[in-house]
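>>> got a sequence here, can you build the structure:
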Amino acid sequence: VTATLRTWSALKTAVDQTWGGTESATKAEDLRRNIFSHFDGQSPNPKMTLYELEDNLGAYMEEEFGVVLEDESEREVADLIWRMYECCAKGDCAL
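Below is the predicted model of the structure:
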């Protein structure tokens, strides 16, 4: 999850350009922690759906960084996080 968020160009640019203000890096870390709280590995099912994750990523970027994701990259990021969780829940962490 951490590597996925760090390589997400929209989030990386928002942090690098401090679009979220001086707390941009902290906001990115808060996003990571929030995702981990929903995908904690304690349950075979995450605490939110794929579509909720997509919506939350898009809303967070808009609210915290003022970024409207017209490229729908939040869908790609959400899908990758979701697939990683599914694979790891089955014991396959090779993704």
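>>> least confident secondary structure element in the chain?
Across the helices and strands of the chain, mean pLDDT, DSSP states H and E gives its lowest value to helix 73-89, namely a mean of 90.
>>> hmm, who's touching that helix?
Contact partners of helix 73-89, identified using CB atoms under 8 Å, 6 or more residues apart in numbering, comprise 1, 4-5, 8-10, 35, 39, 41, 44, 46, 50, 53-54, 57-58, 61, 93-95. C-beta: built from backbone N, CA, C; applies to glycine.
>>> which parts of that helix are buried?
Using 16 or more other CB atoms under 10 Å as the test for burial, helix 73-89 gives 73-75, 77-78, 80-82, 84-85.
>>> show me which positions of stretch 13-32 end up buried.
Of all the residues in stretch 13-32, those buried under the rule 16+ other CB under 10 Å are 14-15, 19-20, 24, 27-28, 31-32.
>>> let me know the closest of those residues to residue 66.
Taking CB to CB as the measure, residue 66 lies nearest residue 19 of those, at 5.8 Å.
>>> just the buried residues of helix 73-89 now: which is nearest residue 65?
Checking the buried residues of helix 73-89 against residue 65 with CB to CB, the nearest one is residue 74 at 12.1 Å.
>>> how about the closest one: what's its closest non-neighbour residue?
Nearest non-adjacent residue to residue 74, counting by CB to CB, 6 or more residues apart in numbering: residue 57, 3.9 Å away.
>>> and residue 65, how far from residue 47?
Residue 65 sits 24 Å away from residue 47, going by CB to CB, to the nearest Å.
>>> which of the two has more neighbours?
Taking other CB atoms under 10 Å, residue 65 and residue 47 do not tie; residue 65 has more neighbours (22 against 11).
>>> what's near enough to touch the residue nearest to the more buried one when sequence neighbours are not counted?
Once flanking residues are discounted, residue 65 sits nearest to residue 14: 4.0 Å by CB to CB, 6+ apart. For residue 14, the contacting residues are 20, 24, 28, 61, 65, 67, by CB under 8 Å, 6+ apart.
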